[in-house]
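A.B. asks: Make a model of this:
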Amino acid sequence: MADRRRYDSLRRLAQAKQTRAEIADAARRLFVTHGWATTTVRDVARAAEVSVPTVYAAYQNKAGLVWALVDAADLSADLPQMLHELESGATPQAHLAAMAGYDRRLFERAGDLVALIREAGRTEPDLAALYRQAREAADQTRIQVFSGWPAGTLRAGLDVQQAVDIYAALCNVDVYTTLTVERGWPPDRVEHWWTEALARELIRR
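C.D. replies: Numbers count the residues shown, from 1 in each chain. Just a heads-up that it's a prediction; the model follows:
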């Protein structure tokens, strides 16, 4: 009987996770297709085939849904892989390759969501704050990496903040979209070019 109760608990947990995933998937489809402003919690509930209270119980509100999607985007881009590659990388070039690989995976798997949050943030303060926090977190990662390099690694005349700015100008969702959608580049070619371009622009020869 105890085993049965334990398995019942696991089944309930699995069902709850599945429901949250279905709600998040429905929200992403609707936000990307119809836009943030016109999508309601009721729309999300209908698309996920759950009740409105179920959506609120899982995510509290629309902003909570977007936070969940951002967390999912980080997971899909495999943040642990980047951290492992940064820790095991022996050279600045290897560190740049690790970060470029993460950005490629992020934009390949969740670029539509990144663009949506940025655009919706022009009129929605909550999403503007979310986009700003995500951008600042990315900048902090780069600051930590660049600050850990030996003195003299950066190109002459560059400081860490300028290096972060150059990185952001090269590796962003707009550049990724232009190259893959408009120019027909495969994602791995973008990643390779980013790695080489960052090394040319940032590292002293």
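
A.B. asks: ok, the closest residue to Asp188 other than its chain neighbours - contacts?
C.D. replies: Take Asp188 and drop its neighbours on the chain: the residue closest to it by Cβ to Cβ, 6 or more residues apart in numbering is Arg104, 7.5 Å away. Just so you know, the C-beta spots here come from the backbone N, C-alpha and C atoms, and that holds for glycine as well. By Cβ atoms under 8 Å, 6 or more residues apart in numbering, the contact set of Arg104 is 176, 187-188, 190-191, 194.

A.B. asks: In TSV, list the residues you listed along with pLDDT and distance to Arg11.
C.D. replies: TSV is the format used below for the contacts of Arg104 (pLDDT from 0 to 100; distance: Cβ to Cβ, whole Å):
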residue	pLDDT	distance to Arg11
Tyr176	98	40
Pro187	98	38
Asp188	97	40
Val190	99	42
Glu191	98	41
Trp194	99	44
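
A.B. asks: so which pair among the residues you listed is furthest apart in space?
C.D. replies: By the measure Cβ to Cβ, Tyr176 and Asp188 form the most distant pair in those, at 12.2 Å.

A.B. asks: what about those two, which has more around it?
C.D. replies: Between Tyr176 and Asp188, counted using other Cβ atoms under 10 Å, Tyr176 has the larger neighbour count: 23 against 11.

A.B. asks: Which residue is the nearest non-sequential neighbour of the more buried one?
C.D. replies: Once flanking residues are discounted, Tyr176 sits nearest to Phe107: 4.1 Å by Cβ to Cβ, 6+ apart.

A.B. asks: After the helix or strand harbouring the one you found, which helix or strand is next? Please name it.
C.D. replies: Per DSSP states H and E: Phe107 is located in helix 92-120. Per DSSP H and E, helix 92-120 leads on to helix 125-147 as the next helix or strand towards the C-terminus.

A.B. asks: starting at the chain centroid, how far to that following helix?
C.D. replies: Distance, stretch centre to chain centre, for helix 125-147: 11 Å (Cα atoms, centre = their mean, to the nearest Å).

A.B. asks: and the helix or strand following it, what does it pack onto?
C.D. replies: Scanning forward in sequence from helix 125-147 by DSSP H and E, the next helix or strand is helix 160-170. Judged by 3 or more Cβ pairs under 8 Å, 6 or more residues apart in numbering; DSSP states H and E, helix 160-170 is in contact with helix 125-147, helix 187-202.

A.B. asks: Could you check how far the residue nearest to Asp188 is from Ala138?
C.D. replies: Distance, Arg104 to Ala138, by Cβ to Cβ, to the nearest Å: 14 Å.

A.B. asks: Walk me through the domains of this structure.
C.D. replies: Per the record, the chain has its domains at 2-60, 71-202, by automatic domain parsing.

A.B. asks: Of those, which shows the lowest average pLDDT?
C.D. replies: Across those, domain 2-60 has the smallest mean pLDDT, namely a mean of 81.

A.B. asks: who are the neighbours in contact with Ala72?
C.D. replies: By Cβ under 8 Å, 6+ apart, the residues touching Ala72 are 24, 110.

A.B. asks: Around Lys17, count how many other residues there are.
C.D. replies: Using other Cβ under 10 Å, Lys17 has 10 other residues around it.
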